[in-house]
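> predicted model and sequence below, questions to follow.
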Amino acid sequence: MLVASSLAAGCGGAEAVRRPTTPSVIPEAAAERQRAVDAFGEHAWGALSAGTPSSLLFADRDLEVLLQGAALQRFAARRLAPGGRDGGIEPGRLRAALASATYAGICVQGARSEEAAGLLGLVADGWVFDRLLLIGRQPSGRRIAAWIEGTFVYSDAGFGALALERIEEPRWEHTDLEIAPCDVAIRNDLPAIAR
C-alpha cells in the first residue's frame, strides 16, 4: 500500500511511474535496446506534444539514487539555469507545432557506456546519450522533427534526463531526417515501402 501511494505521489497522481533505483548498463539484446529507446521516444513525444518537456527529467529526489558527490550538486544547479527544466522553448509553441502529428521515431546520438564515478558521477555503470532527434508524422505523410539536447541516462526504470539543455523549434521535413547519423534509431517515419 505504501509503495502504491508513493508511486502515485511521485508522478503527480493519475498514472503510476516506476522510480529509478540505479543507473543501468546497455541491454545486451538488440531488441531490448530498441524497446528501451522506442519507449523513451514515445514518452518524449508525449511530453513535448503536451507542452511538458520537464516530464523528461528524473524527479529531483531521484538524482540522489543516480548520482554521487559533486555531480549531485552540479546537475541540481543545471536544472536551475535558464532552460534547465524546459529546454528553453515555450511549451505552448511545442504543443502547437506538434498538434497534428503523431510519434514516428527517434534518432539517438552520443550513446555510450559511462562508468560509475566517471565524468557524469553516476553511482553505477550506465548507458547514456547526449541528444535525440524526435520524429513525428502528419496523416498526410509530412514529417516534423526537433533535436532535444541534455544528459539522458538509462536506469532500471527506463530513460530519463538528468538535465535538459536545449529543445529545438520543431521543423517540418527537417534536413537531419535524411543525414543525421544515429547510434540507435527507431524510424517509423519511413514510408512502408522503404522499411
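Arrived safely.
> which residues touch the longest helix along the chain?
Determined from DSSP state H, the single longest helix within the chain is helix 30-49. By CB atoms under 8 Å, 6 or more residues apart in numbering, the residues outside helix 30-49 that reach it are 26-27, 53-56, 94-95, 98-99, 101-103, 105-106, 108, 132, 134, 136, 146, 148, 152, 154, 158-159, 167, 170, 184, 186. Where C-beta positions appear, they are placed from N, C-alpha and C, glycine not excepted.
> give the buried residues for that helix.
Using 16 or more other CB atoms under 10 Å as the test for burial, helix 30-49 gives 33, 36-38, 40-45, 47-49.
> stretch 169-177 too?
So stretch 169-177, judged by 16+ other CB under 10 Å, has buried residues 170, 174, 176, 177.
> what does stretch 94-109 give?
For stretch 94-109, the neighbour count (16+ other CB under 10 Å) marks 94, 97, 98, 101, 103, 104, 105, 106, 107, 108, 109 as buried.
> dump that stretch to CSV, restricted to CA.
Extracted C-alpha coordinates of stretch 94-109, given in CSV (Å, rounded to 0.1, in the frame of the first residue of the first chain):
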residue,chain,number,x,y,z
LEU,A,94,5.7,22.9,-28.7
ARG,A,95,2.0,21.9,-28.4
ALA,A,96,1.0,24.0,-31.4
ALA,A,97,3.9,22.7,-33.6
LEU,A,98,3.2,19.0,-32.8
ALA,A,99,-0.6,19.1,-32.6
SER,A,100,-1.4,17.5,-35.9
ALA,A,101,1.4,14.8,-35.8
THR,A,102,2.0,11.5,-34.1
TYR,A,103,5.2,9.8,-32.9
ALA,A,104,7.1,8.3,-35.7
GLY,A,105,10.6,7.6,-34.4
ILE,A,106,13.8,8.7,-32.6
CYS,A,107,17.5,9.0,-33.5
VAL,A,108,19.9,8.9,-30.6
GLN,A,109,23.4,10.5,-30.8
